[in-house]
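A.B. asks: just need the structure, nothing else, for what follows:
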Amino acid sequence: MLGLAIACLVSAAAWVYLLAAHGGYWLTSQRLPPAAEPEQWPSVVGVVPARNEADMLPLTLPGLLGQDYAGEFRVVLVDDGSGDGTGQLAAELGDKALRDGGAPLTVVAGQPRPAGWAGKVWAMAQGAAAADGAAYVLFTDADISWAPGALRELVAAAERDDRALLSQMALLRARTAWERVVVPAFVYFFAQLYPFRRVNDPGSRTAAGAGGCMLIRKSVLDKAGGLEPVRGALIDDVALATLLKRDGNRCWLGLTTRITSVRPYPRLADLWHMIARSAYTQLRYSPALLAGTVAGLLLLYAVPPAGAITGLATAAAGGAGSATAIAGLAGLGGWALMTVTYIPMLRLYRLSVFRAPMLPLIAMLYAMMTADSARRHYSGRAVSWRGRAAERV
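C.D. replies: Here you go, the predicted structure:
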């Protein structure tokens with residue numbers, strides 16, 4: 001019991017730090033600020049890497065092509081060897097959008113992937129190569145839906161604050177039961193790992209981006225060597241943001257409800273794969289980091305409820321001692337602080353705040369996904385982008 005009491009005290013202290021001094025990661029206030037429109041709108045080329053996305057494109061591509069952007073805007077979709085007619089469907093949607101006054105679309109047939117390149121990054125590089133002359137490149141995904149005017153808001157903010165990279169995390173789909181359990185926690189844990197305030201602080205080394213929406217100055221991207229320096233990155237958005245910020249460029253990352261992902265993850269297995277395919281990559285394939293991450297998740301998320309429940313149960317049985325009381329109170333305090341930090345994310349996703357006390361169970365689910373990611377790596381099941389296997393590291 002003494003060991004549990006000490007662990008509960010350590011965990012409670014950690015939650016005090018996370019709540020008060022970890023970049024406000026748990027708040028959802030990092031939103032795109034309103035900005036005055038520039039006198040002259042810069043040219044933008046949207047780049048959409050797509051592989052077997054025929055189901056998604058009718059839901060997303062018309063909105064992107066229909067952006068009411070006042071400057072020059074065109075879209076390049078790179079069809080990376082799809083087998084479902086993605087390229088042809090995209091061309092048909094592009095023709096219709098153009099007849100309706102939308103932006104022009106160019107469909108590029110993806111070339112064979114060179115050695116050392118991750119599939120999605122290679123598709124992005126081919127799209128960027130077709131963006132010569134543009135002031136900005138907008139990297140977005142085939143499952144991302146754009147509200148009217150979202151591009152204008154992005155560019156206006158980038159011009160006002162002289163940002164080299166401006167990224168918004170799309171609101172992910174949370175409709176099915178499992179999506180409502182896993183998706184808000186995914187964004188919460190991402191923000192805990194990369195606090196948005198620190199990402200947006202030029203003096204901080206923390207860097208991250210959200211691949212569904214990354215507006216980048218083309219001149220800055222070219223100066224950094226394009227996408228070749230991150231050619232093998234399996235978490236391309238974080239790698240690209242790190243590359244640009246390391247060179248002293250101003251970057252910004254925030255949340256939005258105007259750019260959304262429509263990709264469904266109806267089963268736990270679908271969500272499990274989404275997490276497990278990159279979790280061990282994020283840990284740089286390090287067994288030590290894996291062990292530390294799992295231990296950290298247990299300390300932060302499992303110990304507080306264990307201490308609280310044990311303390312209350314022992315007290316109810318009339319056998320509470322000082323160590324039991326400490327474990328119970330510290331555990332309850334840590335659990336309460338943890339719950340408070342999860343409420344803003346639940347509100348963002350319009351879910352009941354009564355889900356917040358269940359965060360420890362969700363964290364344990366994520367710990368199992370992370371461990372499974374390592375198992376997949378060592379068993380030879382490489383991560384993939386839309387069915388294209390990555391090279392093993």
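
A.B. asks: what's the local residue count around Trp272?
C.D. replies: 18 (other Cβ atoms under 10 Å). C-beta coordinates here come from the backbone N, C-alpha and C atoms, glycine included.

A.B. asks: would you agree Ile259 falls within a strand?
C.D. replies: Yes. Checked against DSSP: H, G, I helix; E, B strand; the rest coil, Ile259 lies within a strand.

A.B. asks: quickly list what it is bridged to.
C.D. replies: Beta-bridge pairing for Ile259 (DSSP bridges): Trp146.

A.B. asks: quick check: it touching Leu171?
C.D. replies: Yes. Under the criterion of Cβ atoms under 8 Å, Ile259 makes contact with Leu171 at 7.1 Å.

A.B. asks: between those two, which one's more packed in?
C.D. replies: It is Ile259, of Ile259 and Leu171, that has more neighbours when counted by other Cβ under 10 Å, with 24 against 20.

A.B. asks: now do the more buried one against Arg180, distance only.
C.D. replies: Ile259 sits 20 Å away from Arg180, going by Cβ to Cβ, to the nearest Å.

A.B. asks: and if you look at Ala224?
C.D. replies: 39 Å.

A.B. asks: how about the residue most central in space within the chain: what's its closest non-neighbour residue?
C.D. replies: Residue closest to the average C-alpha location in the chain (Cα atoms, centre = their mean): Ala210, at 4.8 Å. Closest residue to Ala210 apart from its sequence neighbours, by Cβ to Cβ, 6 or more residues apart in numbering: Met169 at 3.9 Å.

A.B. asks: now do the SS call for the one you found.
C.D. replies: Going by three-state DSSP: Met169 is strand.

A.B. asks: number of residues surrounding His22?
C.D. replies: 17.

A.B. asks: repeat that for Trp41.
C.D. replies: There are 18 residues near Trp41, going by other Cβ under 10 Å.

A.B. asks: show me the contacts for it.
C.D. replies: 69-72, 155 (Cβ atoms under 8 Å, 6 or more residues apart in numbering).

A.B. asks: same deal with Ala158?
C.D. replies: Contacts of Ala158 by Cβ under 8 Å, 6+ apart are 136, 166, 215, 217.

A.B. asks: which of these lies closest to Ala7?
C.D. replies: Leu166 (41.5 Å; Cβ to Cβ).

A.B. asks: name the next helix or strand downstream of the helix or strand hosting that closest one, please.
C.D. replies: Following DSSP states H and E, one finds Leu166 within strand 165-171. Next along the chain after strand 165-171, taking DSSP H and E as the criterion, comes helix 177-193.

A.B. asks: burial count for Ala185?
C.D. replies: 22.

A.B. asks: wait, doesn't it sit right on Pro360?
C.D. replies: No. Counting by Cβ under 8 Å, Ala185 does not reach Pro360; the two are 10.8 Å apart.

A.B. asks: keeping just the C-alphas, turn the strand holding Leu166 into CSV.
C.D. replies: The C-alpha coordinates for strand 165-171 follow below in CSV (Å, rounded to 0.1, in the frame of the first residue of the first chain):
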residue,chain,number,x,y,z
LEU,A,165,3.6,27.0,-42.2
LEU,A,166,0.0,27.3,-41.1
SER,A,167,-1.8,24.0,-40.2
GLN,A,168,-5.2,23.1,-38.8
MET,A,169,-6.2,19.8,-37.3
ALA,A,170,-9.3,18.7,-39.1
LEU,A,171,-12.3,17.7,-37.0
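
A.B. asks: report the angle between it and helix 177-193.
C.D. replies: Orientation note: strand 165-171 sits at an angle of 150 degrees relative to helix 177-193 (axes from the mean of the first three to the mean of the last three Cα atoms, to 10 degrees).

A.B. asks: so what touches strand 165-171?
C.D. replies: 32, 144, 154, 157-158, 187, 190, 208-210, 212-217, 220, 237, 240-241, 244-245, 249-257, 259-261, 348-349.

A.B. asks: filter those residues down to the ones in helices?
C.D. replies: Per DSSP state H, helices hold the following members of the contacts of strand 165-171: 154, 157-158, 187, 190, 220, 237, 240-241, 244-245, 348.

A.B. asks: greatest separation within those residues: which pair is it?
C.D. replies: Checking those with Cβ to Cβ, the most distant pair is Val220 and Leu348, at 30.0 Å.
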